[in-house]
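Enquirer: missing the sequence, but the structure's below:
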């Protein structure tokens, strides 16, 4: 079926508001198709929702979704955007949505409304991992808004949070809250995500047809679609948080790239403790209780090093003398600075597209001691060393006048996909 | 089978233990405001001999939103303090018998209004208001940090906040050189943040020092931050809560989990705070070039760091093991201040295994004790009023917030070369939020208080940033309380009326604290000190208070009667003060014989040699030897020799142990005085043991 850009639907959408569902606007939606594979370029999306939305809402939706291609044949879409709900049981929208979800698919839900879902709260709990628990602080306006730094929330300086806010509770263990609102002693999530093996879910719970008129809400929606499609959010920058991470010294960096590479950089070891497939470290476990717990990673670890010091002056020798000297965050390339065996070392970290891996570029100042960086060859990871000697478990830089070398850590499975 | 038998045995022992414990009683009631309704954030503190030796020697319970409280207690007589923000405190005694249910409803009168207005400072909605650092740039821009790791700046003259940095690890103090150059102490390091490209975000984060150990313990903080005129920074490190998140290989630096002085009492260690990673329980000096110097030791949770106008370092520490109540300490290089676990990292003492008695002798006393209750529970950062009168008449004095909604005022003086002084309550509630951790005087003359209580208390409306503004009216207060040879000289902020000249309106009690491994200390040897005379100078402001006895080594609690008022009839806003009397005006720091103790103390029993033997083992053995043969290096005599102890009477021995002096002139100090460490009865027990062991 030929994709139809959203702009071309706008006029038609206005004509058919009374038909009972956004899905209907998009034409027929045959059931039973498999989830579309991720393809290069902007994702193809399907729209679902009750058409009580006003002209302004539709205009806002149109603007938010302008970068994407809306297709009428929902099963071919990579992401479904659902405004409040696909429609009550038996509606055309509900039927089309059931077809779309015949296998797990990526969803971006805007302000879920249980009555607009065929399976009501049960279905919502299964899809979104949460249930409605009344209103936040009896409808009081929130006093504090938290943003936990995910690509989806890039550039959103203040989360949209119009009172009264609904309080979603009982969040499933696999959910990650991106934004939340606090009023008094009560806190409610405003936006959260779930990641499955082949699909992603975003619930922008605080958005509704009215808030979609705000630029921040439209930006959230656009970025949520990019992320749900498994693609890097344009304009998103790496995030660096010093915190307590699992299997790392306290004060390690949770460094996350929108390309889908998470890094535990441990300044006490002077290296990468592990890499995970994700773009988010959930710091809420650190903050929300007195005793705290290590931050949570949003994906599986695919590369891991041992706890020993990372730098030596001879391969296999003891750890070199060294100090962590800080980091800079210019643009999208974070730099980390060390003094190792009397030499200055600057490391620049760059994520490879589609989460394929990480490039570590080192700039080494002059000095007599050779520097050997410990590597951890392991199944599923290809290690390339450029500009330095590559021995099985080390990269060795021996030039006394200084220079540069690079180490590339590649996920073998992603390389195979290419 | 063996395992089953062991379990049965354990159950049997548990049953026997239960049978031996007297049935607990219930003490409950409701705390209400006299103006109606429950008193908000009220708390009940119960202390009594029956609680000594428990993990907490006091029971502190926060009343519910409806004002109700309920405490389970073993039978005994208890002293009860009830406090609530914005209200006068109430104190009373209560007798609890086994299994009884005692109910007491308490009504608290409201505090009077003060000329200090507490205002909230608006923060961005997207900043979690756990304010953990407050500073001003030389141009007057306000800089704050929060526990979530952000640094925000409100440029002078601009109402708009902007975020200078995020992603830091629990910052707990800030110094701002200017709007683009800010220093922050975060848990793992001292960091310099610079915005070199002028975009309002600090893109350069230079690690200045990270030489101390850290573990994954939740209760492990690096506190700060102040900088002296020479450019040196001062930071302190709290002990960690051992047993949670402390594990190899993820501890930075060496890990030493044993206690410096192992707990020898029954059951589990009463206070789990321990120095397991390098320099936990220390203050550090970090030079402008990042040079790291361990500076002083012996801290437990040294939350607040301040520098006097003369660049003298002061640190507040929180009550717990070895810190009997919260304190303000004048910290000098190389000094040890009380918690022995930090000695594990002392270059000379780390492996010496000093005894409790030796540690006691090393301890430098605090400048000011902050008795729990009116003086809060966990004090924050001390700041000096250098506003030149824009904050009222207290220029040169110290202000100190607290995690409870209390603001204290400290009047320090140097006596015999060391600081001591008076702690006054300044505000109790009156609009203050909880969590007063970090403070700074602003260019507007107001005192700014950064507040965070996350995890320790309910957070709703309890955190953020407030400022205290003086309305220009002189508060009726005791401006200062200084020590004199006869007692104290009080200076009032305004001329006082005739009743101020009557001795009967002044009540003085003194008490001391035990520095021991239990969590906090009861007041020891609490004694009334009669006020024998008062003299009000003709200006009506200076009052000379003569006490029946002036002894060092005690906290002196002064309570002025409500009848005392200014010439204009205004009562004092705060009528209680606590003077920590470490030294007399002539520098003497050892208490002499007391007429008051003899009168007030209960009659002493004959010495119990068995109890004395245990005390000898704990306190005396190190220098005198288990066999009493003494030590040449310690300069202690041989009790087993021909002269032995036989030349001394029991009274003389008691006096030597108590005062550390030979009874006849010339008085010399052959050993440290134990009168401030051991109760009189215990000293008699030690003497009984000496007589029996070394006849």
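Expert: Right, received. Where do you want to start? Fair warning: this is a prediction, and the values are worked out from it, not measured in the lab. Numbering: from 1, shown residues only, chains lettered A, B, ... in the order given.
Enquirer: low-confidence ranges in the stretch 501-650 of chain B?
Expert: For the stretch 501-650 of chain B, residues meeting the criterion pLDDT under 70 lie at B:597-602, B:622, B:632-635.
Enquirer: where's the residue in it that chain A sits nearest to relative to residue B:554, distance?
Expert: Shortest the stretch 501-650 of chain B-to-chain A distance, computed as CB to the nearest CB: residue-wise this is residue B:519, at 17.5 Å. No exception for glycine: its C-beta is placed from N, CA and C like everyone else's. Distance from residue B:519 to residue B:554, counting by CB to CB, to the nearest Å: 22 Å.
Enquirer: of these two, who's got more company?
Expert: Looking at residue B:519 and residue B:554 with other CB atoms under 10 Å in any protein chain shown, you find the greater number of neighbours at residue B:554, namely 26 against 21.
Enquirer: hey, what's the residue nearest to the more buried one when sequence neighbours are not counted bridged with?
Expert: Once flanking residues are discounted, residue B:554 sits nearest to residue B:510: 3.9 Å by CB to CB, 6 or more residues apart in numbering or on different chains. With DSSP bridges as the criterion, residue B:510 is bridged to residue B:527, residue B:556.
Enquirer: count of residues packed around residue B:510?
Expert: Counted with other CB under 10 Å, the burial measure for residue B:510 works out to 25 neighbours.
Enquirer: Also residue B:229?
Expert: Around residue B:229 there are 8 other residues, counting by other CB under 10 Å.
Enquirer: Angles on the backbone of the residue lying closest to residue B:451 once chain neighbours are set aside, please.
Expert: Closest residue in space to residue B:451, ignoring its immediate chain neighbours: residue B:435 at 3.7 Å, by CB to CB, 6+ apart. Note on residue B:435: backbone dihedrals following degrees, to the nearest 10 are phi 80, psi 30.
Enquirer: check contacts around residue B:435.
Expert: Under the criterion of CB atoms under 8 Å, 6 or more residues apart in numbering or on different chains, the contact partners of residue B:435 comprise B:403, B:451, B:452, B:453, B:456, B:457, B:462, B:463.
Enquirer: Wait, the second one touches residue B:131, no?
Expert: Yes. Here residue B:451 lies in contact with residue B:131, judged by CB atoms under 8 Å, at a distance of 5.7 Å.
Enquirer: Now do the shared contacts for those two.
Expert: Taking CB under 8 Å, 6+ apart as the contact definition, residue B:451 and residue B:131 share the neighbouring residues B:437, B:463, B:464, B:465.
Enquirer: that older thread, wait, the residue nearest to residue B:554 touches residue B:552, no?
Expert: No. At 10.3 Å, residue B:510 and residue B:552 do not qualify as touching, with contact defined as CB under 8 Å.
Enquirer: what residues do the two have in common as contacts?
Expert: Between them, residue B:510 and residue B:552 have residue B:581 as joint contacts when contacts are counted by CB under 8 Å, 6+ apart.
Enquirer: returning to what we had before: for ChimeraX, write the select line for the buried members of the contacts of residue B:435.
Expert: Those of the contacts of residue B:435 that count as buried under 16 or more other CB atoms under 10 Å in any protein chain shown are selected in ChimeraX with:
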select /B:403,451,452,453,457,462,463
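Enquirer: Tell me which of the contacts of residue B:435 fall in strands.
Expert: Filtering the contacts of residue B:435 for membership in strands, criterion DSSP state E, returns residue B:451.
Enquirer: Reformat the contacts of residue B:435 as CSV; add pLDDT.
Expert: Conversion of these to CSV gives the following (pLDDT from 0 to 100):
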residue, pLDDT
B:403, 88
B:451, 93
B:452, 91
B:453, 84
B:456, 71
B:457, 67
B:462, 72
B:463, 85
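Enquirer: Now render the contacts of residue B:435 as TSV, adding distance to residue B:321.
Expert: TSV is the format used below for the contacts of residue B:435 (distance: CB to CB, whole Å):
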residue	distance to residue B:321
B:403	18
B:451	26
B:452	24
B:453	22
B:456	18
B:457	22
B:462	27
B:463	28
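Enquirer: Nearest residue to residue B:68 in space, please, no chain neighbours.
Expert: On the basis of CB to CB, 6+ apart, the spatially nearest residue to residue B:68 that is not a chain neighbour turns out to be residue B:30, at 5.1 Å.
Enquirer: which residues touch the residue in the stretch 1-150 of chain A positioned nearest to chain B?
Expert: Shortest the stretch 1-150 of chain A-to-chain B distance, computed as CB to the nearest CB: residue-wise this is residue A:145, at 5.1 Å. Residues counted as contacts of residue A:145 (CB under 8 Å, 6+ apart) are A:158, A:159, A:161, A:179, A:180, A:181, A:182, A:190, B:125, B:126.
Enquirer: can you pull the pLDDT of the one residue sitting closest to the centre of chain A?
Expert: What sits nearest the mean C-alpha location of chain A, by CA atoms, centre = their mean, is residue A:279, with 4.7 Å. The predicted structure scores residue A:279 at 96 on the pLDDT scale.
Enquirer: Spell out the secondary structure type for it.
Expert: Three-state call for residue A:279 (DSSP: H, G, I helix; E, B strand; the rest coil): coil.
Enquirer: phi, psi of it?
Expert: Recorded main-chain torsions at residue A:279 are phi -130, psi 20, according to degrees, to the nearest 10.
Enquirer: Let me see the contact set for it.
Expert: Listed by CB under 8 Å, 6+ apart, the contact partners of residue A:279 are A:150, A:151, A:227, A:256, A:257, A:258, A:259, A:260, A:261, A:262, A:298.
Enquirer: would you list the residues you listed in JSON lines and tack on secondary structure and pLDDT?
Expert: Formatted as JSON lines, the entries for these read as follows, by DSSP: H, G, I helix; E, B strand; the rest coil; pLDDT from 0 to 100:
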{"residue": "A:150", "secondary structure": "coil", "pLDDT": "96"}
{"residue": "A:151", "secondary structure": "helix", "pLDDT": "97"}
{"residue": "A:227", "secondary structure": "helix", "pLDDT": "97"}
{"residue": "A:256", "secondary structure": "strand", "pLDDT": "97"}
{"residue": "A:257", "secondary structure": "strand", "pLDDT": "97"}
{"residue": "A:258", "secondary structure": "coil", "pLDDT": "96"}
{"residue": "A:259", "secondary structure": "coil", "pLDDT": "95"}
{"residue": "A:260", "secondary structure": "coil", "pLDDT": "95"}
{"residue": "A:261", "secondary structure": "strand", "pLDDT": "97"}
{"residue": "A:262", "secondary structure": "strand", "pLDDT": "98"}
{"residue": "A:298", "secondary structure": "coil", "pLDDT": "96"}
